[in-house]
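K.L.:
coordinates for the following, if possible.
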Amino acid sequence: MVKSKRLQFGGLCEERRLRFTMEMNHRIEKILEEKAKLIDKCIEKYVPRKITEDWILFKISPPKGELDLQALNKTILEPFWEFLDRGGKRWRAALFLLLCEALGSDPDEFLEFAAIPEIIHNGTLIADDIEDSSNFRRGKPCTYKLYGLDVAINLSSFMYFIPLLALSENIGKLSEEKARRIYEIYVNEMINLSLGQAIDIAWHKKLIPTSNTSQEQYLQMCAYKTGTLARMAAKMAAVISDVGNEEVEKIGKFAESIGIAFQIQDDILDIIGEKFAEGKGGLGMDITEGKLSIIIIYTLKEAELEDKEELKRILEMHTKDEAHRMKAISIIRKYGSIEYARNLAARILEDGWNEVSNILPSSKAKETLRMFSEYLIKRQI
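P.N.:
Got it, this is the predicted structure:
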């Protein structure tokens, strides 16, 4: 009877835990949905759905001659909004706003700053798809497939620089020192972004031997590539909120940990996330691209020689054949690599949270921020 009661009690605890998780996920998804609408509205201020002569850019830098507005609409505005209207979580922008609130600033006052990492992020996705020769993004053909390489390359470059308009337009809200620090953050993180992408390209193009690539090297690549825009958003929020230099770095480190853990979860979902994979063309597309991930690095380290050589062979094939991809996934599963990656992501996030837990005053915003970060590494899409 005692055993039965314990089992029943454990079942109730598990049921409550699952209910709490579902409620938390619903709450965060609602926040993301609400923030996304606000962010898209801000983005439209700087990148309207149709360019006219009174575009804010032309007020800052007036054209000297006659412009072909139709050409600009066809090659910038149309592909830009076609891509953004596909969706996306807008989580980096939401992170900026949540941090502002948690640090005591009014997020509504600095809403337009939140558009900065979001525009850049989407620009990196358009560029990534070209560099990876991908076919699908968010369930549709990649931008370069729809509009051509020339349009996509030019558009991604545009998206790296147009957010500077949001800085220049809102510069009056900042002291001279804060403005200088935010510009510095922008430039430094944009350089880091390129460094991370360069390393990732070198690995999956096999430009250098990758058999001895370490977990530490992979995490540094992620810190550059996926951690950069989260770190940019967080540091800007911290500077705006009058946080000291040491605390700015810690808050940036926390955001970086979210970015790294988010990337690891992406790597996991590429292997096991059926719904996630629908938007990319199927499970194991990272295997097709021959990409290194923490999952692959761990498997190659732990696998027996025969499995290790087979996995390396499949990765080097860049195969689209489903049977080969499933074979690679079976090897990955065999050595518990998914569980290892999941535990690593949780540990990285916990370490990042410990960096800021004492900095952030107790508040509902702090509680939401913690739930928000946990949601991002437990999501299924």
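K.L.:
can we go C-alpha only for contacts and neighbour counts from here?
P.N.:
OK.
K.L.:
buried set for stretch 338-355?
P.N.:
The neighbour-count check on stretch 338-355 (16 or more other CA atoms under 10 Å) flags 338, 341-342, 345-346, 348-350, 352-353, 355 as buried.
K.L.:
confidence score at residue 21?
P.N.:
Residue 21 carries a pLDDT value of 69.
K.L.:
likewise residue 7?
P.N.:
At residue 7, pLDDT is 36.
K.L.:
which of the buried residues of stretch 338-355 fall within helices?
P.N.:
Among those, the members falling in helices (DSSP state H) are 338, 341-342, 345-346, 348-350, 352-353, 355.
K.L.:
ok, so of the residues you listed, who is nearest residue 202?
P.N.:
Taking CA to CA as the measure, residue 202 sits nearest to residue 341 out of those, at 22.3 Å.
K.L.:
ok, for residue 72, nearest residue in space, not its chain neighbours?
P.N.:
residue 51 (7.3 Å; CA to CA, 6 or more residues apart in numbering).
K.L.:
mind checking the SS state of the one you found?
P.N.:
Local secondary structure at residue 51 is given as coil here, using DSSP: H, G, I helix; E, B strand; the rest coil.
K.L.:
pretty sure it contacts residue 77?
P.N.:
Yes. The pair residue 51 / residue 77 is scored as a contact, 7.3 Å apart, by CA atoms under 8 Å.
K.L.:
now for residue 176: which residues touch it?
P.N.:
By CA atoms under 8 Å, 6 or more residues apart in numbering, the contact list for residue 176 is empty.
K.L.:
got it, and residue 64?
P.N.:
Applying CA under 8 Å, 6+ apart, no residues qualify as near residue 64.
K.L.:
now it: phi and psi?
P.N.:
The phi/psi pair for residue 64 (degrees, to the nearest 10) reads phi -90, psi -20.
K.L.:
so how far is residue 76 from it?
P.N.:
From residue 64 over to residue 76 the distance is 20 Å, taken as CA to CA, to the nearest Å.
K.L.:
residue 380 reaches residue 272, doesn't it?
P.N.:
No. At 9.5 Å, residue 380 does not count as touching residue 272 under the criterion of CA under 8 Å.
K.L.:
hmm, back to that, of all the ones in helices among the buried residues of stretch 338-355, which two lie farthest apart?
P.N.:
Farthest pair in those (CA to CA) is 338 and 355. Separation: 26.2 Å.
K.L.:
about what we covered before: now render the ones in helices among the buried residues of stretch 338-355 as CSV, adding distance to residue 282 and pLDDT.
P.N.:
Formatted as CSV, those follow (distance: CA to CA, whole Å; pLDDT from 0 to 100):
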residue, distance to residue 282, pLDDT
338, 18, 95
341, 20, 96
342, 21, 94
345, 23, 95
346, 26, 94
348, 28, 96
349, 28, 95
350, 31, 95
352, 32, 94
353, 33, 95
355, 37, 87
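K.L.:
I'd like these laid out as CSV, including distance to residue 228.
P.N.:
Listed next are those as CSV, based on distance: CA to CA, whole Å:
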residue, distance to residue 228
338, 24
341, 20
342, 21
345, 17
346, 19
348, 16
349, 15
350, 19
352, 14
353, 17
355, 17
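K.L.:
and which of the residues you listed is nearest residue 256?
P.N.:
Nearest to residue 256 among these, with distances taken as CA to CA, is residue 352, at 7.9 Å.
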